[in-house]
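**Student:** Next comes the sequence, and after it the predicted model I'd like to discuss.
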Amino acid sequence: MKWNYVVVWVSIAVLLGGCANPIPPAPVPVPAPDTTPPPAITGLAASDAYNGSVLLSWEQSAAGDFDHYNVYLSKVEITNVTGMTPIHRITDITTNSYRATGLEDGTKYYFAVTAVDDSGNESSLVTITSVTPVAKETLPPFPDTTPPETIIIGAPSETIGYSNVTFQWTGSDDSTATADLVYSYWLEGYDAGYSPFTPDISQTYMNLPDGAYVFYVKAQDEAGNIEPTPAVSQFTIATAAPVGGLLILRNSEVNRIAVGSDGKHIYALDSVNTRLYKSSHGGYGWVDISAGITGAATWDELAIAPDTPEIVAVVTNARTEVYLSTNGGGACFPLGLTANLAAGELIQCIAISPAYGESARELAVGTSTGNGGGRVWVYTIPVSGWRDMSSGAPGWLPSEPAIAGTDVFAIKYSPAFAADRAILAIVSSGPAPDTDDTYLYIGKRVAADTMTWNGAAVLGYPVEICQSGEDTPGSPLTYADLALPSDYSVLDMPSRCVYACWSDNPPGTAVAGNPNDDVYRLDDIHCNRLYVSGGSPEYVISSLAYYGSCNEGKLLAGAMMGVGIASGVPVAPVYFTFNPQSALPTWKSSLKPPTGPNQAQVAWSPDGSVAYCGTSTIGGASGDQSAFSLSTTDGLGWNQTGLIDT
């Protein structure tokens, strides 16, 4: 902006000593109009002049008072834009390109671009360019050469004791819709070769003889591309059935499951009917081993040692006693916890440690009173009394955050317990106006009878299990679970990776409680929400199972309640992600869910090849298809193998 000075005389009468004397006026600056145009545009070029369009580009204007660009077009050479109307106007100084369209191929065009400042001055030096667009043959689309992919979602696994089998599958393709794919299958050991391609997505074989089989299925898309590597399922039929049966068990519930470290021994707990079942064949064939447990109803929690299938424990007497077996359920004995519990103090969770020292191990339970009077109790196996490892322990009731009382709803031993001597717990504080939140605690054994919680070795604990800016509920919780990678260790900060879930949703209701009910990953003190939750009751998660290390693994999440009916059968959703380490994991729901209406309890086999699930009805019911099921497709398809309430 330029300034000129104009003297304006103002007559002012000033009465001073009875005389009027003129006072010389001061000069007042008045801005003169801006008539200087912006510098000429440089670097104007035309390119990609095909099929009636041209791409123009130029250097960004250097004008400090820039307002807009004008783009001009003419079929005759442009020497001055005076009187011309621009074909386009651009107000962003950084947008220094424009594609002109609607041109005639073979005709020469002239283009000019000018800059205009905020006083309306336009570049006086006109920069022009010329170009003649030409017709360019439009190439046909690239041919589809990508083959489809098939996933088997239902199949027998390993060794089975029956001869009628059904396979189910689905497919995907980059161009052809799933519904339009066709498939060809072959059961090696029975079929002569591949079947013709058909839209069928299942095949049943009846009365197959004993022996080993391999089932193959491949897809073909509408372009004729055939999947080069078919989906495969291997299994063996041995109709000499394993010991036990109980395929169908009227009125049964599968409230908790525990999978042994050998991959063969599995336990299933029926809480309402006070029964404990055992399979020695990976979920095929079950026996009732309840006789040795004399505890009263209900039987609510179940735990197995992580390194031997012979040590198993059950919470009985309506959450006030623990029975332990060290020989796979052959003999069980009570541990006498009841006398140590305060009035209203109930066991909410149980865990058994790996062996340490000279074959020592221990058992821990977490308790609650519903108002912050919960504790952690520990019993050393084989011979010990119960020890309260929380009351009065350093860090159990920290001052920051200020916690006056807690209840314990999930507990886990570190896989590296022999070295780090650590126990992890999900606790909820209460009552309000206390912090009234849910936290991850870490306890570290410092002596045989004492622990330090959230100490100097784990700075920043306790950690609230939610994302920054969100909130968690206080006590009581309805569901909570922890899942740890195989290489978790408190001694190594990068190995402190934990998966956790919690919910205060009332059992069996269709409305979630706290809106942040979800699955979370904690990388030491940093908590990330994994968003399996979609705001619907089916996303209230009741159990977790993780297979893998901190850096690589897969995660199952079992839902609290069923969402629908499949062929008249209630189903309990299970969700799977292969990338839980991601900030936003990709979740998949079961295409063929496990049957049963509630509380999907999930687990992995030791090698991660098989997923297991138990389902039940809140309070118990008859004929609800609660069952023990397994999946060999990472939870995408499930098959009942025992304890089916039908």
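**Tutor:** Nice, thanks for sending it over. Numbers count the residues shown, from 1 in each chain.
**Student:** Would you mark the buried spots in stretch 144-154?
**Tutor:** Judged by neighbour count (16 or more other Cβ atoms under 10 Å), stretch 144-154 contains these buried residues: 147-154. Every C-beta, even on glycine, is put in place using the N, C-alpha and C of the backbone.
**Student:** actually stretch 305-315, not the one I wrote
**Tutor:** Of the residues in stretch 305-315, 305-306, 308-315 count as buried by neighbour count, 16+ other Cβ under 10 Å.
**Student:** same thing with stretch 371-389?
**Tutor:** By 16+ other Cβ under 10 Å, the buried positions in stretch 371-389 come out as 371-381, 386-387, 389.
**Student:** And these, which two are furthest apart?
**Tutor:** Largest separation among those by Cβ to Cβ: 371 and 381, giving 31.4 Å.
**Student:** what's the distance between the closest residue in space to residue 319 that isn't next to it in sequence and residue 99?
**Tutor:** In space, residue 319 comes closest to residue 346 once its chain neighbours are excluded; the distance is 4.0 Å by Cβ to Cβ, 6 or more residues apart in numbering. Here the criterion is Cβ to Cβ, to the nearest Å. By it, residue 346 lies 72 Å from residue 99.
**Student:** Flag the shaky bits of the protein, pLDDT-wise.
**Tutor:** Applying pLDDT under 70 to the chain flags the ranges 1-30, 137-141, 239-244, 431-435, 507-513, 533-538, 562-570, 620.
**Student:** Which residue lies nearest the spatial centre of it?
**Tutor:** The centroid of the chain falls nearest to residue 530 when counting by Cα atoms, centre = their mean (3.8 Å).
**Student:** picking that back up, restricted to strands, list the buried residues of stretch 371-389.
**Tutor:** Filtering these for membership in strands, criterion DSSP state E, returns 376-381, 386-387.
**Student:** Those into a markdown table, with extra columns for distance to residue 193?
**Tutor:** Formatted as a markdown table, these follow (distance: Cβ to Cβ, whole Å):
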| residue | distance to residue 193 |
| --- | --- |
| 376 | 62 |
| 377 | 63 |
| 378 | 61 |
| 379 | 61 |
| 380 | 62 |
| 381 | 57 |
| 386 | 65 |
| 387 | 66 |
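**Student:** circling back: can you name the residues that contact the residue nearest to residue 319?
**Tutor:** The contact partners of residue 346, by Cβ atoms under 8 Å, 6 or more residues apart in numbering, come to 318-320, 367-369.
**Student:** Of those, just say which sits nearest to residue 472.
**Tutor:** residue 368 (15.5 Å).
**Student:** Tell me how many other residues surround that closest one.
**Tutor:** Burial of residue 368 is recorded as 26 neighbouring residues (other Cβ atoms under 10 Å).
**Student:** hang on, the earlier thing: what is the nearest of the buried residues of stretch 144-154 to residue 224?
**Tutor:** If you rank the buried residues of stretch 144-154 by distance to residue 224 using Cβ to Cβ, residue 147 comes first, at 9.7 Å.
**Student:** PyMOL command to pick out the buried ones of the contacts of residue 346?
**Tutor:** Here is the PyMOL selection string for the buried members of those, based on 16+ other Cβ under 10 Å:
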select buried, resi 319+320+367+368+369
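**Student:** which residues of the stretch 501-646 of the chain fall in strands?
**Tutor:** Taking DSSP state E, counting those that start in this stretch as the test, the strands found in the stretch 501-646 of the chain are 518-523, 526-529, 541-548, 553-559, 564-566, 569-571, 574-577, 587-589, 598-604, 611-616, 628-631, 639-642.
**Student:** Compute the inter-axis angle for the longest one and strand 553-559.
**Tutor:** Orientation note: strand 541-548 sits at an angle of 170 degrees relative to strand 553-559 (axes from the mean of the first three to the mean of the last three Cα atoms, to 10 degrees).
**Student:** Paired strands for strand 541-548, with orientation please.
**Tutor:** Take DSSP bridges as the rule and strand 541-548 pairs in its sheet with strand 553-559 (antiparallel).
**Student:** what does the strand it pairs with contact?
**Tutor:** Outside of strand 553-559, the residues that reach it under the criterion Cβ under 8 Å, 6+ apart are 483, 485, 499, 501, 519, 532, 538-548, 572-578, 580-581, 585, 599-604, 608, 611, 613, 634-635.
**Student:** Quick check: PyMOL command selecting the buried ones in those.
**Tutor:** Buried residues among the contacts of strand 553-559 (16+ other Cβ under 10 Å), as a PyMOL selection:
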select buried, resi 483+485+499+501+519+532+538+539+540+541+542+543+544+545+546+547+548+572+573+574+575+576+577+578+580+581+585+599+600+601+602+603+604+611+613+634+635
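**Student:** And the strands in the stretch 301-450 of the chain?
**Tutor:** Listed from the start of the chain, the stretch 301-450 of the chain has strands (DSSP E, counting those that start in this stretch) covering 301-304, 312-316, 321-325, 333-334, 346-352, 361-368, 376-381, 386-388, 406-413, 422-429, 438-447, 450-453.
**Student:** Relative to residue 61, which of the ones you listed is closest?
**Tutor:** Distances from residue 61 to each of the strands of the stretch 301-450 of the chain were compared by Cβ to Cβ, and the smallest falls on strand 438-447, at 56.8 Å.
**Student:** Return the distance of the closest one from the chain's centre.
**Tutor:** Counting by Cα atoms, centre = their mean, to the nearest Å, strand 438-447 is centred 26 Å from the centre of its parent chain.
**Student:** for it, packing partners?
**Tutor:** Using 3 or more Cβ pairs under 8 Å, 6 or more residues apart in numbering; DSSP states H and E as the contact criterion, the secondary-structure elements in contact with strand 438-447 are strand 422-429, strand 450-453, strand 463-464, strand 497-503.
**Student:** run the last query once more with 6 Å
**Tutor:** Packing contacts for strand 438-447, counted by 3 or more Cβ pairs under 6 Å, 6 or more residues apart in numbering; DSSP states H and E, involve strand 422-429, strand 450-453.
**Student:** who touches the last one?
**Tutor:** Identification of contacts with strand 450-453 by Cβ atoms under 6 Å, 6 or more residues apart in numbering yields 389, 393-396, 441, 443-446.
**Student:** which of those residues has the most neighbours?
**Tutor:** Compared across those, residue 443 has the highest neighbour count, 29 neighbours, by other Cβ under 10 Å.
**Student:** I am finished for the moment; much appreciated.
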